[in-house]
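**Student:** Using only what follows, build the 3D model:
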Amino acid sequence: MKFSIVIPAHQAAATLSAVISAWRAAEPAPESILVIDDGSTDGSADVAERAGAKVIPLSRNSGRGSARARGCQETSAPFVLMCDAALVPADDFIAGVAPWFAEPKVAAVFAHVTQRPPRTFVDRWRGRHLFKDEPPVLNRRALLATGLCALRREAVEQVGGFDPALRSGEDADLGRRLLAGGWDVVADPALRAISLGSESAHALLARYARWNSPQGLEGRTWLRQCAYALKVMVLQDLRAGDPLAAMLSVAAPFYQLRRR
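**Tutor:** Got it, this is the predicted structure:
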């Protein structure tokens, strides 16, 4: 399996070195490791170069769709592994993902994201509601998530690739087009990615909104999200003896409102 690693990065200096080192140690080795520096101002590009990656700088922050599209353009490998700048693969990721592509209709396979042992209520909320402490079941018709995923270039190009105009939701958009084109998108809970990052409550809720409602919510849909937060998420937090986390759950729907 010949593959390249593409790491979109924005303000990721704190974690990039560890992520690149993990991929440099991968077996088999990738053909290349590319960091798409999406307008960072924290020295991310310098960190990536020192760690041994090739850096493709974008002149300004253009968003995830643009960074992922550029990454696909910059490599000719038949398989592209997209990895967020704060995620490292489990040691057996390549061994676990490669057999899927023996099936010609599999376009993408993605990992379940986990985290290190939580230290704060924000970490606990992230594990419970964003990463989901209980991994999903195996699904061959899943909605694509690109935190750590492997993509068949042929399939991605056939459906038009990542939309560079999308600042968020670019993975779900591509996934819908792959499924409509007759390709399989596989969520394999046996594949793991480990998050190295730590987030503020504000940043975490913003990411939750981006993952769950990239274009925002309005009207009855938002009211359903409010009901879910109160009846499911808050209840889970309280059952876990985590009242501070429950406060984040109450706030979550408000971060999902459409911003005009």
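**Student:** can you give me the strands in the stretch 151-260 of the chain?
**Tutor:** With DSSP state E, counting those that start in this stretch as the criterion, the stretch 151-260 of the chain has strands at 184-195.
**Student:** just for it, where's the confidence low?
**Tutor:** When residues are selected by pLDDT under 70, those of the stretch 151-260 of the chain lie in 214-218, 258-260.
**Student:** Now with 90, please.
**Tutor:** Applying pLDDT under 90 to the stretch 151-260 of the chain flags the ranges 168-169, 197-199, 203, 206-225, 254-260.
**Student:** Can you show me the helices along it?
**Tutor:** Residue ranges of the helices in the stretch 151-260 of the chain, as given by DSSP state H, counting those that start in this stretch, are 153-158, 170-180, 201-212, 219-228, 234-239, 243-255.
**Student:** L34: which of those helices is closest?
**Tutor:** helix 153-158 (13.8 Å; CB to CB). From N, CA and C alone the C-beta is placed, and that goes for glycine too.
**Student:** before we move on, the earlier item: got CSV for the helices of the stretch 151-260 of the chain, with mean neighbour count and distance to E27 too?
**Tutor:** Converted to CSV, the helices of the stretch 151-260 of the chain look like this (neighbours: other CB atoms under 10 Å; distance: least, CB to CB, whole Å):
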stretch, mean neighbour count, distance to E27
helix 153-158, 16, 22
helix 170-180, 20, 27
helix 201-212, 17, 31
helix 219-228, 13, 42
helix 234-239, 16, 39
helix 243-255, 19, 39
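**Student:** any chance of these in CSV, plus distance to V6?
**Tutor:** Output for those, formatted as CSV (distance: least, CB to CB, whole Å):
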stretch, distance to V6
helix 153-158, 11
helix 170-180, 13
helix 201-212, 19
helix 219-228, 32
helix 234-239, 35
helix 243-255, 28
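**Student:** for these, which one sits closest to R141?
**Tutor:** Nearest to R141, of all these, is helix 170-180, at 6.2 Å by CB to CB.
**Student:** Could you list the alpha-carbon positions for that closest one in CSV?
**Tutor:** The C-alpha trace of helix 170-180 is given here as CSV (Å, rounded to 0.1, in the frame of the first residue of the first chain):
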residue,chain,number,x,y,z
GLU,A,170,-15.8,19.4,4.2
ASP,A,171,-15.5,15.7,5.3
ALA,A,172,-19.2,15.1,5.5
ASP,A,173,-19.7,16.8,2.1
LEU,A,174,-17.1,14.6,0.5
GLY,A,175,-18.5,11.5,2.3
ARG,A,176,-22.0,12.1,1.0
ARG,A,177,-20.7,12.4,-2.6
LEU,A,178,-18.7,9.2,-2.2
LEU,A,179,-21.8,7.3,-0.9
ALA,A,180,-24.0,8.7,-3.7
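**Student:** which residues touch that helix?
**Tutor:** 63-65, 68, 107-108, 141-146, 149, 155-156, 159-163, 166, 185, 214 (CB atoms under 8 Å, 6 or more residues apart in numbering).
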